[in-house]
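Trainee: Sequence and predicted structure below; questions after.
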Amino acid sequence: MSKASSFVKWSENLTVKRRTFIKGLAFVGASAYAIAPLPRRDGFIFKNRLPQGITVDHSRDYSRRYDKWRIPNTVWGMVIDLAKCDGCNDLTSKGNPPRCTAACQEGHHAPSDYKQNSKSYFDNEHQTQVQLNQRVHEYIKVFKVQDNPWSNSYFFPRPCQQCIDPPCVHVCPVQAAWQRTGDRLTLVDQERCIGCRLCMAGCPYEVRFFHWEDNYKFYDSNGKPLGPDSRIVKDFEMQMPFEIVKQKGVIAKCDFCGNQFLGKLPHCVASCHKGALYFGNLLENSVTNNMGETILVDKTIQERKGFRWKEEEGTRPRVFYLPANTK
Ligand code: SF4
Ligand code: SF4
Ligand code: SF4
């Protein structure tokens with residue numbers, strides 16, 4: 001992606017590509033279904049795909065809970081300036097995560113592999129013991145990269161690339177990996193996810209990971225675990241329009257945050273001490289960092305020779321990189 005002309009025709013592009021996407025979904029989804037095991041934890045599977053012996057619980061609401069948060073006329077996107085990112089060396093050299101990773105984990109209540117032990121604390125507001133299990137859950141990961149032995153190294157932050165043609169969605173047999181209409185965010189519906197991990201294999205950017213255990217565990221005063229319908233769990237979920245409380249056996253990844261719906265930047269963007277991350281509505285052709293700097297996307301990409309990662313995959317990411325200074 002280097003031409004402004006192709007950028008400003010974004011919405012037109014979306015319409016054309018949607019047909020291809022639906023065709024692909026039908027084809028790949030059908031093939032994936034043929035090879036993937038389909039049992040669900042609660043025995044539910046889509047009505048028109050019911051294998052023999054599986055029943056539907058009609059008392060449950062299987063609608064997309066987070067669909068209502070979408071905003072029309074928005075295509076969220078991110079610009080990452082590799083020339084600005086210093087990998088938060090001051091923190092990582094002491095064994096701490098970069099600011100963007102830490103802020104994202106904090107905002108999503110995700111366990112951090114940087115902490116050595118599980119944490120247990122008493123939540124006074126809810127009068128509940130909270131157990132935080134430590135696992136590797138980096139929605140944004142920062143890599144140190146050296147292109148060749150003669151160039152300088154640089155740092156490469158990797159969130160979900162929020163592809164317009166997302167292979168993860170194409171291969172998911174139960175539509176748990178899905179792209180929301182409206183703002184077109186690629187999200188994970190953990191109500192539907194069966195943990196088959198086809199989306200992990202399908203994502204060329206390796207941004208998805210598997211939850212081997214619940215990220216939060218809530219207990220009542222008798223030490224009994226609380227279910228997903230308990231008030232504390234629901235309260236946690238209401239902090240953001242996406243699932244914070246992740247269940248064991250489902251997939252998670254960067255969701256571009258729900259904060260933009262409250263007029264805020266995503267946690268990673270808001271926390272970067274270099275202002276290397278920019279976020280905004282690509283249909284408005286502008287993105288902003290946490291230092292109040294707003295840039296025109298097409299002009300900046302042209303001038304700085306910006307690029308999208310693995311363009312050859314045809315996924316059309318909504319994350320644009322501005323090159324590092326490697327000389
Ligand atoms: S993007 Fe910002 S916060 Fe993240 S590693 Fe780079 S400098 Fe640190
Ligand atoms: S980067 Fe991977 S997980 Fe994200 S939308 Fe693209 S294929 Fe899906
Ligand atoms: S956009 Fe949100 S979910 Fe994605 S890496 Fe940044 S803070 Fe995490």
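Mentor: In hand now; what should we look at? Ligands and ions are numbered 1, 2, ... in the order given.

Trainee: What is the burial count for the closest residue to M78 other than its chain neighbours?
Mentor: The shortest distance from M78 to any non-neighbouring residue, by CB to CB, 6 or more residues apart in numbering, is to V319 (4.7 Å). Where you see a C-beta, it was placed from the backbone N, CA and C, and this is true even at glycine. Number of residues near V319 (other CB atoms under 10 Å) recorded here: 22.

Trainee: Going C-terminal from the worst-scoring helix or strand of the chain on mean pLDDT, what's the next secondary structure element?
Mentor: Ranked by mean pLDDT, DSSP states H and E, the weakest helix or strand in the chain is helix 10-35, scoring a mean of 36. As assigned by DSSP states H and E, the chain's next helix or strand after helix 10-35 is strand 76-81.

Trainee: Other residues contacting that following strand?
Mentor: Taking contacts as CB atoms under 8 Å, 6 or more residues apart in numbering, the residues outside strand 76-81 that touch it are 157, 159, 162, 183-185, 256, 260, 269, 275-282, 287, 295, 297, 300-301, 306, 318-322.

Trainee: That one pairs with which strands, parallel or anti?
Mentor: Paired with strand 76-81 in the same sheet, following DSSP bridges, are strand 277-281 (antiparallel), strand 319-322 (parallel).

Trainee: right, is the longest one up against ligand 1?
Mentor: Read that as strand 277-281. Yes: applying CB under 6 Å from any ligand atom, one finds that strand 277-281 is in contact with ligand 1 at L277.

Trainee: What of the shortest one?
Mentor: No: Strand 319-322 does not reach ligand 1 (CB under 6 Å from any ligand atom); its nearest approach is 11.4 Å.

Trainee: Let me know the average pLDDT across that strand.
Mentor: Strand 319-322 carries an average pLDDT of 98.

Trainee: again with the longest one
Mentor: Averaged across strand 277-281, the pLDDT comes to 95.

Trainee: and it with ligand 3, contact?
Mentor: No: Strand 277-281 stays clear of ligand 3 (CB under 6 Å from any ligand atom), getting no nearer than 7.3 Å.

Trainee: Could you export that strand as CSV, CA atoms only?
Mentor: The C-alpha coordinates for strand 277-281 follow below in CSV (Å, rounded to 0.1, in the frame of the first residue of the first chain):
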residue,chain,number,x,y,z
LEU,A,277,1.4,4.4,17.6
TYR,A,278,-1.4,6.3,15.8
PHE,A,279,-5.0,5.3,15.7
GLY,A,280,-8.1,6.6,13.9
ASN,A,281,-10.8,6.2,11.3
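
Trainee: Give me the contact list for it.
Mentor: Under the criterion CB under 8 Å, 6+ apart, residues 73-81, 100, 157, 256, 260, 265-266, 268-269, 286-290, 293-295, 297 lie in contact with strand 277-281.

Trainee: returning to that earlier point: my read: the residue nearest to M78 touches W309, true?
Mentor: Yes: between V319 and W309 a contact is recorded at 7.0 Å, counting by CB atoms under 8 Å.
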